[in-house]
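Engineer: please work out how this folds:
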Amino acid sequence: MATVNNTTNGISADLLASVNGTKSTQKSAVQEQETKFLTLLMTQMKNQDPLNPMDNAQVTTQLAQLNMASGIEKLNAAFGQLLSGYNDSMSMQSAAMIGKNVLVAGNNLPLSKGQAVAGAKLEADAGAVTVTVSDAKGKVVRTESLGKQAAGMVTFAWDGKDDQNNQLADGNYTFTVTAKNGEQTVKAAAHQVGTVSAVVRDKTGFLLDLGAYGNVAFKDVQQIF
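Structural biologist: Numbering: from 1, shown residues only. Sure, this is the predicted structure:
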């Protein structure tokens, strides 16, 4: 037997389902409350005393409360759909990050094929910025001036040479950044470069796996190379 999904005569799908002894959809708590209220209201209106009619203000208030509850429920449903779409978008964006180099907080400066890149985030303009590179034993091998820099993220490259212009071996190095504007010290946060090897999802969102550097949140990435 053919079925019709859309009705144009004002008969609801739930009413037809109840006549047939079935239930088309499960009502929410708000919808059930609305149905009970309207049924009770219609019964009271049919049986009310003409000399002592119902209080219109009270009925209006109850209807407004029901409409508010229904509106909140619909808003929550819409927000849930929006959040789901946002999570899907973040998943795709995070997956696209695999294999990319990103700049995140940290002071590691790995030297590979005589090249290394890192950065620093300055809280204010600085008249003089200095980078100090140390080897795995903590010995200072290179001190380099970056000169005057504006507030924000500053990136720099190191060619792997020490202060005597000797080429150093590839390996793990660290660095510190100092910044001043006249006699005033400017706060400078070191940022290291890591390679995204995987995307991890936890209860707070998506995390980027940077291997030995651990997991970082997508929002903590300052720059992509």
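Engineer: which outside residues touch stretch 99-113?
Structural biologist: Residues outside stretch 99-113 that contact it (C-beta atoms under 8 Å, 6 or more residues apart in numbering): 116, 118-119, 133, 153, 155, 158, 160, 168-176, 189-196, 208, 210, 213, 216, 220-225. In this view, the C-beta of every residue, glycine as well, is placed from N, C-alpha and C.
Engineer: secondary structure element for residue 136?
Structural biologist: If you go by DSSP states H and E, residue 136 is not part of any helix or strand.
Engineer: ok, for it, nearest residue in space, not its chain neighbours?
Structural biologist: Of all residues not flanking residue 136 in the chain, residue 172 sits nearest, at 5.4 Å (C-beta to C-beta, 6 or more residues apart in numbering).
Engineer: for the chain, what helix or strand is lowest in average pLDDT?
Structural biologist: helix 13-20 (a mean of 43; mean pLDDT, DSSP states H and E).
Engineer: can you show me the helices along the chain?
Structural biologist: For the chain, applying DSSP state H gives helices covering 13-20, 29-47, 56-95.
Engineer: quick revisit: make a PyMOL selection of the buried ones in the contacts of stretch 99-113.
Structural biologist: This is the PyMOL syntax for the buried subset of those, where burial follows 16 or more other C-beta atoms under 10 Å:
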select buried, resi 116+118+119+133+158+160+168+173+174+175+190+191+192+193+194+195+196+208+210+213+216+221
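Engineer: now intersect the contacts of stretch 99-113 with the strands, please.
Structural biologist: Of those, the ones assigned to strands by DSSP state E are 116, 118-119, 133, 153, 155, 158, 174-176, 189-195, 208, 216, 223-224.
Engineer: next, the contact list for residue 197, please.
Structural biologist: Shown in contact with residue 197 (C-beta under 8 Å, 6+ apart): 98, 209-211.
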